[in-house]
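Colleague: make a model of this:
(chains A and B)
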Protein chains: 2
Amino acid sequence: MRVPLDGLPPRVEIYEVGPRDGLQNEDAIVPVEVKAEFVARLAAAGLRTIETTSYVHPKWVPQLADASELLAAVDRVPGVRYPVLVPNERGLDRALADGVTDIAIFGSATETFARRNLNRTVDESIAMFAPVVARARAEGLTVRAYVSMACGDPWEGDVPIDQVVSVSRRLMDLGCSQLSIGDTIGVGTPGQVTALIEAHTAAGIDAGSLAVHFHDTYGQALANTLAALRAGVTTVDASTGGIGGCPYAESATGNLATEDLVWMLDGLGVETGADLPALVATSRWMAARLGRPSPSRVVQALSPKENS
Amino acid sequence: MRVPLDGLPPRVEIYEVGPRDGLQNEDAIVPVEVKAEFVARLAAAGLRTIETTSYVHPKWVPQLADASELLAAVDRVPGVRYPVLVPNERGLDRALADGVTDIAIFGSATETFARRNLNRTVDESIAMFAPVVARARAEGLTVRAYVSMACGDPWEGDVPIDQVVSVSRRLMDLGCSQLSIGDTIGVGTPGQVTALIEAHTAAGIDAGSLAVHFHDTYGQALANTLAALRAGVTTVDASTGGIGGCPYAESATGNLATEDLVWMLDGLGVETGADLPALVATSRWMAARLGRPSPSRVVQALSPKENS
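Modeller: Below you'll find the model as predicted:
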């Protein structure tokens, strides 16, 4: 039954992260032609933004070593954006060579994660990103920045909201057009999420330039998404089939599943352009290739034979 | 991090349904001494209302055939209520004989489910419940009524909100003190839940006398709970470990897990009296007895060795 709820946006942009954030955290290394078909199926299911791959060094992320090959294999659909994660200037060179028009950089709200993930302090990481963003903008690319560990950090515990906003502010000042506020370990709850968004708005960062990126590790992703939408956010990251999983969390539970998000938004009458049956079919297809059932509740509910 | 959210109640009553709704839908038949220990552990974990068993005929629910034996084995803690599901007058006789002080009856918002579950029309089921509620009240018992299939029905599809409220109104008029509005197949979304609660309030049924009962079949349970709390509900049904599962839904996914609920409410600073580590330990203990991992995300996140 479709019943709207006051205070929600009429339309939400789904920023699909399955091919990048999903596959980079899977044990399996997926062949490039399967990845290309995955991306094509996601576009055919109505998704308009599909983060496709990453130029992070194959030593760190062997799952995505075929980034340039994949981009050549993807038949880009007009109106669909295919952002790529770019870790540094060398990554930007490759993005420009591969005809990428949208990039993402991966920042951290905490010092410990910056050191572990980027081998830099937060200050050093922002200094490293500055020329990447400047040159990308000069070349006409859009730049999104991830702000990871925004709701908690496995080593530091609670992360003060002011600290997150300070990192966000500096990334916006570099010239990023969108920030993805990431609860990388899935510990946040709806009050914290609301406070985080409101603190960004108070610091002059409009909620319309924020995305939220939730992991369902503690089952909170969809409730947190609802809180974020009420606070003015209109872009939500999700992974078809819920594939992926944070390598820094103990549990295998991964990203918010795109299908579970679309089930909620369809029920709320919030437009996404996504075709739920096509997403579910894509998930089931991809789960078979990964050799494991999808963690998406919707996919499980609609696929009794595979999952019972 | 504990961050409150405007519009939520300061305290929520968790109505634990694991021993009844959970175990009745599990394949395994659990020995009575294990059930008694389960109930004791739940009380020790701070839960104040634990629906313990059911007097439904063992032909229909063999899992709970030991109802009287279990009630004799449970060492009732002062301040804790141990409601029992009572299907008819014969069940009420047993409840009175067993010293039960709180009962629940199981109504249906739809004709098809009333016929399949109760072998009666909705009118006939309410006529059957009338003397049960009257006598229970005369004996000083409290009576809760479940209103099942309130967000959708596997045979009828959408269930009009007016139809749910009409059944609710008639059950309240019998003398019930609490209604549990049940999304038995887990298809509802937060706008529908909000509209359902508001329609009850408009019909003169205060949100404070409503509970919500969500199944996580499509991943919506916690987002729907958040919507219900915002609409004034202060009692939430949940099953420790997420055990159970609706026999009428195709998926094995069951009730909202108490741990996932408590994680959210703890984060929101909403008081429940529940001790999360004790609940997680209880879930893990019970999962071992059921021979399968807990579907609770929180339990999975905190139990890497058992579930990875």
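
Colleague: excluding chain neighbours, what is closest to residue A:212?
Modeller: Closest residue in space to residue A:212, ignoring its immediate chain neighbours: residue A:228 at 4.4 Å, by Cβ to Cβ, 6 or more residues apart in numbering or on different chains. (C-beta placed from N, C-alpha, C; glycine too.)

Colleague: wait, residue A:120
Modeller: For residue A:120, the spatially nearest residue (Cβ to Cβ, 6+ apart) is residue A:114, at 5.8 Å.

Colleague: the one you found contacts residue A:126, correct?
Modeller: No: assessed by Cβ atoms under 8 Å, residue A:114 is found out of contact with residue A:126, at 9.3 Å.

Colleague: overlap in contacts, the two.
Modeller: The overlap between the contact sets of residue A:114 and residue A:126 (Cβ atoms under 8 Å, 6 or more residues apart in numbering or on different chains) consists of residue A:107.

Colleague: strands of the stretch 201-308 of chain A, start to end?
Modeller: Defined through DSSP state E, counting those that start in this stretch, the strands belonging to the stretch 201-308 of chain A, from first to last, are A:210-214, A:235-238.

Colleague: as a markdown table, those strands with mean pLDDT and mean neighbour count would be great.
Modeller: As requested, these are exported to a markdown table (pLDDT from 0 to 100; neighbours: other Cβ atoms under 10 Å in any protein chain shown):
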| stretch | mean pLDDT | mean neighbour count |
| --- | --- | --- |
| strand A:210-214 | 98 | 26 |
| strand A:235-238 | 98 | 27 |
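
Colleague: now do the buried residues in the top helix by length along chain A.
Modeller: In chain A, taking DSSP state H as the definition, the longest helix is helix A:122-138. With burial defined by 16 or more other Cβ atoms under 10 Å in any protein chain shown, the residues of helix A:122-138 counted as buried are A:122, A:125-126, A:128-129, A:132-133, A:136.

Colleague: could you look up the SS state of the residue nearest to residue A:120?
Modeller: helix (DSSP: H, G, I helix; E, B strand; the rest coil).

Colleague: show the contacting residues for it.
Modeller: By Cβ under 8 Å, 6+ apart, residue A:114 lies in contact with A:107-108, A:120-122, A:124-125.

Colleague: with distance to residue B:181 and pLDDT added, can I get the residues you listed in TSV?
Modeller: Output for those, formatted as TSV (distance: Cβ to Cβ, whole Å; pLDDT from 0 to 100):
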residue	distance to residue B:181	pLDDT
A:107	43	97
A:108	43	97
A:120	52	96
A:121	52	97
A:122	47	97
A:124	54	97
A:125	49	97
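
Colleague: pLDDT wise, what is the residue in the stretch 201-308 of chain A positioned nearest to chain B at?
Modeller: Proximity of the stretch 201-308 of chain A to chain B (Cβ to the nearest Cβ) peaks at residue A:267, 2.7 Å away. In the prediction, the pLDDT value recorded for residue A:267 is 98.

Colleague: residue A:255 is in contact with residue A:23, isn't it?
Modeller: No: in this structure, residue A:255 sits apart from residue A:23 without contact. The criterion is Cβ under 8 Å, and the distance is 11.1 Å.

Colleague: what is in contact with these two at once?
Modeller: A:243-244.

Colleague: hmm, back to that, would JSON lines of the buried residues of helix A:122-138 with distance to chain B be doable?
Modeller: As requested, the buried residues of helix A:122-138 are exported to JSON lines (distance: Cβ to the nearest Cβ, whole Å):
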{"residue": "A:122", "distance to chain B": "19"}
{"residue": "A:125", "distance to chain B": "23"}
{"residue": "A:126", "distance to chain B": "24"}
{"residue": "A:128", "distance to chain B": "29"}
{"residue": "A:129", "distance to chain B": "27"}
{"residue": "A:132", "distance to chain B": "31"}
{"residue": "A:133", "distance to chain B": "30"}
{"residue": "A:136", "distance to chain B": "33"}
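
Colleague: can you tell me which of the residues you listed is nearest residue B:30?
Modeller: Distance to residue B:30 across the buried residues of helix A:122-138 (Cβ to Cβ) is lowest for residue A:122, with 51.6 Å.

Colleague: what's the spacing between residue A:100 and residue A:86?
Modeller: With the distance defined as Cβ to Cβ, to the nearest Å, residue A:100 ends up 8 Å from residue A:86.

Colleague: what stretches of chain A score poorly on pLDDT?
Modeller: Across chain A, the stretches falling below the confidence threshold (pLDDT under 70) are A:245-253, A:304-308.

Colleague: show me where it has its helices.
Modeller: Under DSSP H, chain A gives helices at A:23-24, A:32-44, A:67-73, A:89-97, A:111-113, A:122-138, A:161-174, A:190-202, A:221-230, A:258-267, A:276-290, A:297-302, A:304-307.

Colleague: would you mind naming what in the stretch 151-300 of chain A lies close to chain B?
Modeller: On the criterion Cβ under 8 Å from any Cβ of the partner chain, chain B has as its neighbours in the stretch 151-300 of chain A the residues A:151-152, A:158-159, A:186-192, A:194-195, A:216-220, A:222-223, A:225-227, A:249-253, A:257, A:260, A:263-264, A:266-269, A:296-298, A:300.

Colleague: one step back: closest one of the contacts of residue A:114 to chain B?
Modeller: The closest of the contacts of residue A:114 to chain B turns out to be residue A:108 (Cβ to the nearest Cβ; 17.2 Å).

Colleague: show me what contacts the closest one?
Modeller: Contact criterion Cβ under 8 Å, 6+ apart gives A:114, A:117-118, A:122, A:125, A:147-149, A:167 as the residues in contact with residue A:108.

Colleague: for these, which one is nearest residue B:180?
Modeller: The shortest approach to residue B:180 among the contacts of residue A:108 belongs to residue A:149, at 38.7 Å (Cβ to Cβ).

Colleague: surely the closest one and residue A:113 touch.
Modeller: Yes: if you go by Cβ under 8 Å, residue A:149 and residue A:113 touch, sitting 4.7 Å apart.

Colleague: mutual contacts of the two, please.
Modeller: Among the neighbours of residue A:149, those also in contact with residue A:113 (Cβ under 8 Å, 6+ apart) are residue A:184.

Colleague: ok, those two, which is more surrounded?
Modeller: Comparing residue A:149 with residue A:113 by neighbour count (other Cβ atoms under 10 Å in any protein chain shown), the higher total belongs to residue A:149, at 30 against 23.

Colleague: about what we covered before: for residue B:56, which of the strands of the stretch 201-308 of chain A is the nearest?
Modeller: Set against residue B:56 and scored by Cβ to Cβ, the strands of the stretch 201-308 of chain A come closest in strand A:210-214, at 39.4 Å.

Colleague: mind listing what the closest one pairs with, with the direction of each?
Modeller: According to DSSP bridges, strand A:210-214 has the following sheet partners: strand A:178-183 (parallel), strand A:235-238 (parallel).

Colleague: could you give the angle of it to helix A:221-230?
Modeller: Note on geometry: by axes from the mean of the first three to the mean of the last three Cα atoms, to 10 degrees, strand A:210-214 and helix A:221-230 are set 170 degrees apart in direction.

Colleague: report the angle between strand A:210-214 and helix A:161-174.
Modeller: On the basis of the same axes, to 10 degrees, strand A:210-214 is oriented at 130 degrees to helix A:161-174.

Colleague: give me the contact list for strand A:210-214.
Modeller: With contact meaning Cβ under 8 Å, 6+ apart, strand A:210-214 is reached by A:15, A:17, A:144, A:146, A:178-184, A:186, A:188, A:193, A:197, A:200, A:220-222, A:224-225, A:228, A:233, A:235-237, A:255-256.
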